[in-house]
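Student: Need coordinates for the following:
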Amino acid sequence: MPENKISRICWNTNGWRKPSGSIGKSKNKKAYEDLVGYGHEEWLLDTTKLIDGWHYGFLQPIGLHRDKYVGKKFNISLYSINNQTKGRWWIGEILGVVVITPEESSRIYTIYKQNGWLKEMEEQLLAVGADAQNFRKTPPDGFAVVKYKPNSAKLLDIPLGFSASDTAVTSNYYTLLNKKQDPELILENSEFSFSPGHNQKKASTQSSYENKSSEIDLVHNVIQTNIYKQLIKKYGEQNVGTEQQAGYGSKIDIVVRDKDNKYIFFEIKTSYSVRLCIREALGQLLEYAYLSKNSGVKKLVVVSPNIIKPEIISYLQNLREHFNIPIHYQRYLSEDGSLENIDY
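Tutor: Alright, predicted model coming up:
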């Protein structure tokens, strides 16, 4: 029977399917990921590249001591640490992970090169400012150290946090730990919850794995604050809230509760066109409204400073008529800091 193990992997905000850059990586000047801007585990869960039905990848705790583990099979639970926020995130488990020989790694490296996959990986590193030249120096026999079948990956839909003091994970280092139990996961509220008031975003917190950036969008905050002030005059302070819990760690920019106890969700976007703003906001609004069973949503509104064009008005009408999605657009007027009364 495979032994049950726990392994830390490098921080990544793209689901370990491609590199995500230096944010959240170690800032230790001697650390490999700080020196080159990536870790070799960035592609660990990219199961689009299969060879004979296997996905090949790298795990630092095994790579450091491969001779000790070659030929063994493990069930490996994965976790990662965001070194920017110090948050710990449980990713899930991969069953039947096989530790491969250096010779098999060299064979896999050759196939990756022939298929153009190495070039693709280099381009992904360049896109996030990582050291692709260093990647080119990866020795073929050290390129991959494990393989697994894609359907053996039992991963959480979204990584969940756990406490740094949890006894299930007894080390923060890249070592292969014996697994005795799962950590006690910090479960996210799965229901929409309305709470009136203006709650501005904070840069120093990360309540969900999906909150990739800690940077505050100052333009977004100004728009949000001004619209909030406008809406409380119309609906009352007890019926307007910002940064509202949508469930599963997501937050809605602004929520209005109307006289029928139904809700209007506002999502603010600052891209340069209405079309792009709708593209960015629509998926979020649908998730806010319908992933939670009891959102009571009445209307979904995309907000941006851009002037809407006739073809986009028609697009919104089509969405409402053909798909029964209550999606609308309102323009934020930068000149006086107000929400335009026209509802498209």
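Student: Need the pLDDT of the residue lying closest to His40 once chain neighbours are set aside.
Tutor: Spatially, and ignoring its direct neighbours in sequence, His40 is nearest to Phe58 (3.9 Å; Cβ to Cβ, 6 or more residues apart in numbering). Placement of C-beta: from N, CA and C, glycine included. For Phe58, the pLDDT comes out at 98.
Student: Name all residues that make contact with Phe58.
Tutor: By Cβ atoms under 8 Å, 6 or more residues apart in numbering, the residues touching Phe58 are 40-41, 43-44, 143-146.
Student: Recalculate using a threshold of 6 Å.
Tutor: By Cβ atoms under 6 Å, 6 or more residues apart in numbering, the residues touching Phe58 are 40-41, 144-145.
Student: again, but for Gln284
Tutor: Gln284 is in contact with Glu267, counting by Cβ under 6 Å, 6+ apart.
Student: How about Leu156?
Tutor: Gly92.
Student: what do you get for Asn4?
Tutor: Contacts of Asn4 (Cβ under 6 Å, 6+ apart): 75, 179.
Student: go again using 8 Å as the cut-off
Tutor: With contact set as Cβ under 8 Å, 6+ apart, Asn4 has these partners: 74-75, 77, 178-179.
Student: From those residues, keep the buried residues only.
Tutor: 74-75, 77, 179 (16 or more other Cβ atoms under 10 Å).
Student: quick one on the thing from earlier: okay if I get the contacts of Phe58 as JSON lines plus distance to Ser208?
Tutor: Formatted as JSON lines, the contacts of Phe58 follow (distance: Cβ to Cβ, whole Å):
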{"residue": "His40", "distance to Ser208": "26"}
{"residue": "Glu41", "distance to Ser208": "21"}
{"residue": "Ala144", "distance to Ser208": "31"}
{"residue": "Val145", "distance to Ser208": "31"}
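Student: Throw together a PyMOL command that grabs the buried residues out of the residues you listed.
Tutor: Buried members of the contacts of Phe58, defined by 16+ other Cβ under 10 Å, are picked up in PyMOL with:
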select buried, resi 40+41+144+145
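Student: and which of the contacts of Phe58 is nearest Cys277?
Tutor: Glu41 (34.7 Å; Cβ to Cβ).
Student: Phi and psi next, for the residue lying closest to the closest one once chain neighbours are set aside.
Tutor: Leaving aside its sequence neighbours, Glu41 sits nearest to Ile9 (Cβ to Cβ, 6+ apart; 4.2 Å). Phi and psi for Ile9, reported as degrees, to the nearest 10, are phi -130, psi 160.
Student: Ile9: how many residues sit nearby?
Tutor: Other residues near Ile9 come to 24 when the count uses other Cβ atoms under 10 Å.
Student: Could you check the pLDDT of it?
Tutor: For Ile9, pLDDT reads 97.
Student: do the same with the one 4 residues further on
Tutor: For Thr13, the model assigns a pLDDT of 95.
Student: Can you list the buried residues in the strand or helix carrying Leu125?
Tutor: For Leu125, the host element (DSSP states H and E) is helix 117-127. For helix 117-127, the neighbour count (16+ other Cβ under 10 Å) marks 117-118, 121, 124-125 as buried.
Student: Repeat that for stretch 256-272.
Tutor: Neighbour-count burial for stretch 256-272 [16+ other Cβ under 10 Å]: 256-257, 263-270.
Student: ok, the spatially closest residue to Tyr174 that is not a sequence neighbour to Tyr173 distance?
Tutor: Among residues not flanking Tyr174 along the chain, Gln60 sits closest, at 4.2 Å (Cβ to Cβ, 6+ apart). Per Cβ to Cβ, to the nearest Å, Gln60 is found 10 Å from Tyr173.
Student: likewise Gly96?
Tutor: Taking Cβ to Cβ, one finds Gly96 at 25 Å from Tyr173.
Student: Identify the bridge partners of Ile6.
Tutor: Residues in a beta bridge with Ile6, per DSSP bridges, are Ser77, Leu177.
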